[in-house]
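Need a 3D model of the following:
(chains A, B, C, D, E and F)
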Protein chains: 6
Amino acid sequence: MAMVPLIDENAASPTARAVFDDIKASRNTDYINNFWKVLANDPKTLRRTWESLKEVMAPGALDARTKELIYLAVSISNGCAYCTASHGVAAKRLGMTPEMFGELIAVVAMANETNRLADGYRVPVDERFETLF
Amino acid sequence: MAMVPLIDENAASPTARAVFDDIKASRNTDYINNFWKVLANDPKTLRRTWESLKEVMAPGALDARTKELIYLAVSISNGCAYCTASHGVAAKRLGMTPEMFGELIAVVAMANETNRLADGYRVPVDERFETLF
Amino acid sequence: MAMVPLIDENAASPTARAVFDDIKASRNTDYINNFWKVLANDPKTLRRTWESLKEVMAPGALDARTKELIYLAVSISNGCAYCTASHGVAAKRLGMTPEMFGELIAVVAMANETNRLADGYRVPVDERFETLF
Amino acid sequence: MAMVPLIDENAASPTARAVFDDIKASRNTDYINNFWKVLANDPKTLRRTWESLKEVMAPGALDARTKELIYLAVSISNGCAYCTASHGVAAKRLGMTPEMFGELIAVVAMANETNRLADGYRVPVDERFETLF
Amino acid sequence: MAMVPLIDENAASPTARAVFDDIKASRNTDYINNFWKVLANDPKTLRRTWESLKEVMAPGALDARTKELIYLAVSISNGCAYCTASHGVAAKRLGMTPEMFGELIAVVAMANETNRLADGYRVPVDERFETLF
Amino acid sequence: MAMVPLIDENAASPTARAVFDDIKASRNTDYINNFWKVLANDPKTLRRTWESLKEVMAPGALDARTKELIYLAVSISNGCAYCTASHGVAAKRLGMTPEMFGELIAVVAMANETNRLADGYRVPVDERFETLF
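Residues are numbered from 1 along each chain as shown, chains lettered A, B, ... in the order given. Purely as a prediction, here's the structure:
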C-alpha cells in the first residue's frame, strides 16, 4: 500500500486532471499508472514532474529509446523497484527486446563493480581525462 | 594518491603485462590508464575485470556506444568521479557530442528525482507492470 | 518475514525488556514496533541504538519535528521502506501534515536530481564555499 | 576541473543569461556559483533546474529554512561534496548555526545507521504503519 | 514476480544447463536458487557471473567465511533484499552464528553512520592515511 | 578543507579532551586523526560516536580484524574516501596484507555487481531463504 491514497480521475483536482489528460493524449492511452495517481496528492509536484519529464525525454541529440534505456539503467542501479518495473515497460514499448534488456542489466552491474574498484583503490583521475569537452 | 602503487608495464607481472598488451591491441593505443595500473597490484582481478569488460561491452543487441552511454550514466548516478571521467572520454571516442552528454546527465538526474518520489510515496507496482517479458 | 524472530516482551531478555519499558514510557504508548522487536535478538545493539536515538533526537538547536523531518527525508532518499513508513508516522505525530509531507518528498527528489547534475559535471567547489563555519 | 567549461555571463547564451539575471535578482547577489556556470552548457537544463528549484524551495507548508536543511541533509547522505558545500552556505544564510549543523549531521548519520539495521534484518512494516495519510 | 521467467533445468539452454550442473556439483546440492534461474535468460551473463563468483569467493588470503561475511555486509548496506537473504544463508552454512550475524549488521550500520559524518563535515584525509601499501 | 575547523587538543572542550585521552589510551598512540578533530566541534556526537565505536568494534563473536574488514568493505562500497583511507590503515594494523586487501575489494565489487543483477531482474526471494535464524 502507498503512503497516501491513489487518486483516480474522478477524484482529481482540476490541475491534476489536466495533467492526466495530457498524459493520456501524449501516450495515446487510457491508462494512468499508480505513480501519477499518487503524485495527484500534490498537484504542483505532479505538474512539474510531468512537464520536466516531457522536456527531458523528448528526442533530441539522443533518441527516445536511448533515453529510456538510460532511465531504466539508473533505476535498476538505484534499486527502485517501481521505476524498474514501469520504465522497463516503457523501454519495451520503444523496442527494447529481451536480449537488449539482458545486455543493459549486464552493463549496469559491471559499472557498479568497477565503480567500487575505482573507489576502493582511490584511483587518481588521469590528467588526460580531467576535462571532457 | 592511490591506496596502492601504480604499476607500469616494466614493473608488471607476466599476467598483468599480458592484459596490458591486450588492452593496447584492443584499443589501438599505447596508453594504459590509471585504473588498470592500479589493478595490476592484483593480477587475477585485473585479468577477470578486463575479460568481463570485453565480453559485456562488445556490440550485441545494443551497439557499443549505447552500452558506453549506459556505463557512463550509472557511474554518474553512483558519484564515481574516476569512472565518470574515464567513461566520459570513452563515450566521446564513440561519438558522444556535448549535446548528447548534456541530455544524458539530464536523464540521469531526472531518474534520480523520480526514483525518490516513487520510493518516498511507496508507490505499489501496477499489476500490468509486474512482468516484463 | 524478517531474517530473525520478532521477540515480544514476554520472550525478551532483561536488557531488552528494560529498553522496551523505556520506549513505552518515553513515547507514552503500549506499542513496541517491529524494529525494536527484531533488535531484541541482539540486546546490546538494541540498547545502544535506543540510547543513541534518544540523544540524537532530543530537541536542541533543532526542534523535535525538524529532526524527524530530516530523518524521514534521509530514509526516503536511501529507499528504506521500513524507515520511511515508521518515521512518516513519527513525523505525523509531531505535526507533519499531508502538505508538509508532499513538500518534503519534493525537496528530497530535487536534491537527488541536482546532486547528480553536480557529480556528473564534476563541478568544482567554489572557493567561497570551501569552509562553512 | 569540471567536465565542461564554466560559462560566465559574457559567454552565456541568451537563455542562460536570462536565468543568470533571475538568479541574481532572486538572491539579491552578483555572484553566480559554479553549478550554474556549468549548467549553462545546456541552457534548457539550466532553465528547467532553476525554475524547478524556485518552485520546490519556495516557502509553503514548510518554511524556507526547513526546506534548505532537508536539502543539505540529503546531499550529505548522498556524499555529494559540491551540494554539501553550497547548500551548507545556503542554509547558513537562512539562519543555520554551527549547533544546528552539528545536530543535522548527527540525524543524517543516525538515519543511515538505522536504515541498514532495518534493511539488514529485513524488518516487516508494522500493519499500522502501512498507510500514512 | 520477476521481470522475466524463471528458467528451470528442463527449459535451460545447453550453456545454462552446464552452469547449473557446475553449481550443483560445486555446492553439493540439487537446489538451484532463483537468482540463477533468472540469469538463465541470458546464458552468457549466467556463465560469466558464476565463473567470476567462483574465482572471487575461492579461499585465498581471506578464508571462505570471511569473504561471505563481506559479501553479506555489502548486500545489507546496499539494501538488496534478495542478496541479503541468499548470502545470509550462504554465510550461515559456512558457520555464521546468530551472534556473528548481529555483530555484522551492527558494524555495517555503524560504518554507514560514520561514513556520513565524514562526508558531511568533508573531513580531509590525514596525510599519513594517503597511501596504504 | 573541512566544513568546520579541526580542533586539536589544546582547543578542545573538557568533554572532547576526555574523548581524545581515551582514544590515545585505547589505541596506544599520540595521534588524533582528522575525523575526531572535526567531531570535536560537536562534543556530544564525538563522545557518542567514540563510545559506540568501542562497543561495536570490540572482539566478540567476530574478531577485531574481521570487523575492521567489514567496516572497510562498507566504506568502499559507499564511496567514502576518508573512511576508506582511515579504515584501510586500521585494518592493516590488525594484519591485513596487500593480498587480503585486493581480495576484499574484489568481493565488494562483485557484490555490487550481483546486487544490481538481483534488483534489475527483481528476483523473488526463494522460500527457503525467507528466514535465516
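
and the closest residue to A:S26 other than its chain neighbours, backbone torsions?
Of all residues not flanking A:S26 in the chain, A:K54 sits nearest, at 6.9 Å (CB to CB, 6 or more residues apart in numbering or on different chains). Any C-beta I mention is one placed from the backbone N, CA and C, and that applies to glycine too. Main-chain torsions, A:K54, degrees, to the nearest 10: phi -60, psi -40.

Can you give me the domain assignment for chain A?
Using automatic domain parsing, the domains assigned to chain A come out as A:1-58, A:62-133.

Save these as a markdown table, and put in mean neighbour count and mean pLDDT too.
Formatted as a markdown table, those follow (neighbours: other CB atoms under 10 Å in any protein chain shown; pLDDT from 0 to 100):
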| stretch | mean neighbour count | mean pLDDT |
| --- | --- | --- |
| domain A:1-58 | 17 | 97 |
| domain A:62-133 | 23 | 98 |
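
Let me have those domains in a markdown table, extended by distance to E:E103.
Output for the domains of chain A, formatted as a markdown table (distance: least, CB to CB, whole Å):
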| stretch | distance to E:E103 |
| --- | --- |
| domain A:1-58 | 33 |
| domain A:62-133 | 23 |
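
wait, isn't A:T49 in contact with B:A111?
No - under the criterion of CB atoms under 8 Å, A:T49 is not in contact with B:A111, lying 11.9 Å apart.

Look up how far F:E113 lies from A:N115.
If you measure A:N115 against F:E113 using CB to CB, to the nearest Å, the figure is 10 Å.

Only C-alpha atoms, please: export the longest helix anywhere in chain A in PDB.
Secondary structure assigned by DSSP state H gives helix A:98-120 as the longest helix of chain A. The C-alpha coordinates for helix A:98-120 follow below in PDB (Å, rounded to 0.1, in the frame of the first residue of the first chain):
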ATOM      1  CA  PRO A  98      14.800  -9.400 -24.100                       C
ATOM      2  CA  GLU A  99      18.300  -9.500 -25.400                       C
ATOM      3  CA  MET A 100      18.700  -5.800 -25.100                       C
ATOM      4  CA  PHE A 101      17.300  -5.900 -21.600                       C
ATOM      5  CA  GLY A 102      19.800  -8.600 -20.600                       C
ATOM      6  CA  GLU A 103      22.700  -6.600 -22.000                       C
ATOM      7  CA  LEU A 104      21.500  -3.500 -20.300                       C
ATOM      8  CA  ILE A 105      21.400  -5.100 -16.900                       C
ATOM      9  CA  ALA A 106      24.800  -6.700 -17.500                       C
ATOM     10  CA  VAL A 107      26.300  -3.200 -18.200                       C
ATOM     11  CA  VAL A 108      24.600  -1.700 -15.100                       C
ATOM     12  CA  ALA A 109      26.000  -4.500 -13.000                       C
ATOM     13  CA  MET A 110      29.500  -4.300 -14.500                       C
ATOM     14  CA  ALA A 111      29.600  -0.500 -14.000                       C
ATOM     15  CA  ASN A 112      28.700  -1.000 -10.300                       C
ATOM     16  CA  GLU A 113      31.500  -3.400 -10.000                       C
ATOM     17  CA  THR A 114      34.200  -1.200 -11.500                       C
ATOM     18  CA  ASN A 115      32.900   1.900  -9.700                       C
ATOM     19  CA  ARG A 116      33.800   0.200  -6.400                       C
ATOM     20  CA  LEU A 117      37.200  -1.000  -7.700                       C
ATOM     21  CA  ALA A 118      38.000   2.600  -8.600                       C
ATOM     22  CA  ASP A 119      36.600   4.000  -5.300                       C
ATOM     23  CA  GLY A 120      38.200   1.200  -3.200                       C
END
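
So is that helix next to chain C?
No - using CB under 8 Å from any CB of the partner chain, we find that helix A:98-120 stays clear of chain C, coming within 11.8 Å at best.

do stretch A:31-51 as well
Yes - Stretch A:31-51 is in contact with chain C by CB under 8 Å from any CB, via A:N41, A:D42, A:T45.
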